[in-house]
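Colleague: Need a 3D model of the following:
(chains A and B)
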Amino acid sequence: MVNSYQAVSLKEALEIRATKTVIPYGGGTDLMLEPDENANYLFLAKVPEMKNIVDDSEYIRIGAACTFTDIMESELAPAILKKAVSQIAAPAIRNLGTVGGNICNGSPKADSALIFFATDAKLRLVSSRGERVLPITEFYLGRKNTSLQADELLVEILMKRTGLSNYYYKKVGARNALAISRVSFAAIFTINQGKIANCMTAFGAVSDVIIRRADIDDMFIGKTIDEAKNVKEEYLTAYAQAIVPIRGRISAEYRKAVCMNLLRDFLASNGI
Amino acid sequence: MIEFILNGHPVTSLAKANARLLDVLRAEFSLTGVKCGCKEGECGACSVILDGRLVNSCMVAMGHIAGSTIMTIEGYRETERFAALDKAYAAVSAVQCGFCIPGMILASECILAKNPNPAEAEIREGISGNLCRCTGYNAIVQAIQSAAKEGQGLW
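Modeller: Residues are numbered from 1 along each chain as shown, chains lettered A, B, ... in the order given. So this is what the prediction gives:
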């Protein structure tokens, strides 16, 4: 017997999640690709607590059931996120697909998840037992495998309010519309008083999980642009070792070459 | 039992919550203007308007639309806006086989509802999820431009 549920509040959604075996349904654009006749869905589109984009003193808080269109139309959403989601699929898919679904589906090709990696976003995971806030880098256990518990829901994504304005984003796909990323790359770069205050990069569609290597990016922190140039080769070598692409429809060699080209272009665009 | 508003009328579907909206519209409500092309959100032939926004009905489970409003080409056909688009599409011969056209018309409506005087780039973006294998799109873009011009005040 198929039992699906339409929750109209977070409390109700969490009660259902705690007591039934259900698949959270955000916008459906991944789930409906391979529809399961016997699936029990928990429909979340009408849960108001998951539909807001608001800010507080520290974060911009994006409801997990916000669609890509909601983000494009939001005044609060950071430009790097708007840029990435505006290149997802086509309007009719962006009107359905949600950031929460994009993250929880667990694909390394998820274009919004890439931005959340590059900006060190955090996920607010809630169950009827309580809640936890987890850096997105700790959420993924492997391809299509996340640490979301059976009674939990991803309710909000928390992005830093400041420091995200100087960004780099490129998606390499087969065409403009309706393209799945072959390689995607996002980065944030901040100079403060002549020194690199922040360098955050992320590579999508390359490996089982989006690659975010803060330990390598931190080589630049506190350095001037000239000092950064001196460690550039060391930085690139570290990434050349860190990026181990999987072979899919696109060859691993191609993916690796594109990743390194994008990384060099990002550095060049910042004078390094 | 799923209740929603279909082309302006309250209806109740007997379909399961995980049935595709596309299949329900065609089989239960006999709305065959909603075309089934790819069933994977790529072609736009099954486009309908859900709460004012264009969506691929193949990508929507019935449970998602409980309490929502759905407009298909059969409902839109009754509007003045449709009449303006119909005339504009015909005037520039923007229709050949016609399979993409119900979705294309609804995409046109969403473009013009958002901006009554869209730039060509906005039009092309707005129909980027609606594939047409006959016309090469230029005539469709012209038709939408023409409807925007001739239908002043409708959007």
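
Colleague: mind giving me the domain split of the chain?
Modeller: Because you didn't say which chain, this covers chain A. Each domain of chain A is listed here as a residue range: A:50-160, A:167-269, per automatic domain parsing.

Colleague: other chain: chain B
Modeller: According to automatic domain parsing, chain B comprises the domains B:2-75, B:79-150.

Colleague: Now the first one: average pLDDT?
Modeller: Read that as domain B:2-75. In this model, domain B:2-75 carries a mean pLDDT of 97.

Colleague: Let's verify the residue of chain B found nearest chain A: helix, strand, or coil?
Modeller: Residue nearest to chain A within chain B (CB to the nearest CB): B:G129, separated by 2.5 Å. Where C-beta positions appear, they are placed from N, C-alpha and C, glycine not excepted. Under the three-state scheme (DSSP: H, G, I helix; E, B strand; the rest coil), B:G129 adopts coil.

Colleague: measure it to A:N176 for me?
Modeller: Taking CB to CB, to the nearest Å as the measure, B:G129 falls 11 Å from A:N176.

Colleague: near chain B, which residues of the stretch 101-250 of chain A show up?
Modeller: A:N176, A:A177, A:L178 (CB under 8 Å from any CB of the partner chain).

Colleague: from these, which would you call buried?
Modeller: A:A177, A:L178 (16 or more other CB atoms under 10 Å in any protein chain shown).

Colleague: quick one, helices of chain A?
Modeller: Using DSSP state H, the helices of chain A run over residues A:10-19, A:68-73, A:79-85, A:91-94, A:99-104, A:111-118, A:214-217, A:225-242, A:252-269.

Colleague: Out of the residues of the stretch 101-250 of chain A next to chain B, the closest to A:A214 would be?
Modeller: When these are compared for distance to A:A214 (CB to CB), A:N176 comes out closest, at 31.7 Å.

Colleague: Quick check, pLDDT for the closest one.
Modeller: At A:N176, the predicted lDDT confidence score is 81.

Colleague: Am I right that it is in contact with B:R124?
Modeller: No: when contacts are counted by CB atoms under 8 Å, A:N176 is not listed as touching B:R124 (9.4 Å).

Colleague: Could you pull out the helices in chain B for me?
Modeller: With DSSP H, the ranges of helices along chain B come out as B:21-27, B:73-76, B:80-91, B:101-114, B:120-126, B:138-150.

Colleague: would JSON lines of the ones you listed with distance to chain A be doable?
Modeller: Compiled in JSON lines, the helices of chain B are given as follows (distance: least, CB to the nearest CB, whole Å):
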{"stretch": "helix B:21-27", "distance to chain A": "9"}
{"stretch": "helix B:73-76", "distance to chain A": "14"}
{"stretch": "helix B:80-91", "distance to chain A": "17"}
{"stretch": "helix B:101-114", "distance to chain A": "7"}
{"stretch": "helix B:120-126", "distance to chain A": "6"}
{"stretch": "helix B:138-150", "distance to chain A": "14"}
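
Colleague: possible to save those helices as TSV with mean neighbour count?
Modeller: Output for those, formatted as TSV (neighbours: other CB atoms under 10 Å in any protein chain shown):
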stretch	mean neighbour count
helix B:21-27	22
helix B:73-76	20
helix B:80-91	17
helix B:101-114	24
helix B:120-126	17
helix B:138-150	20
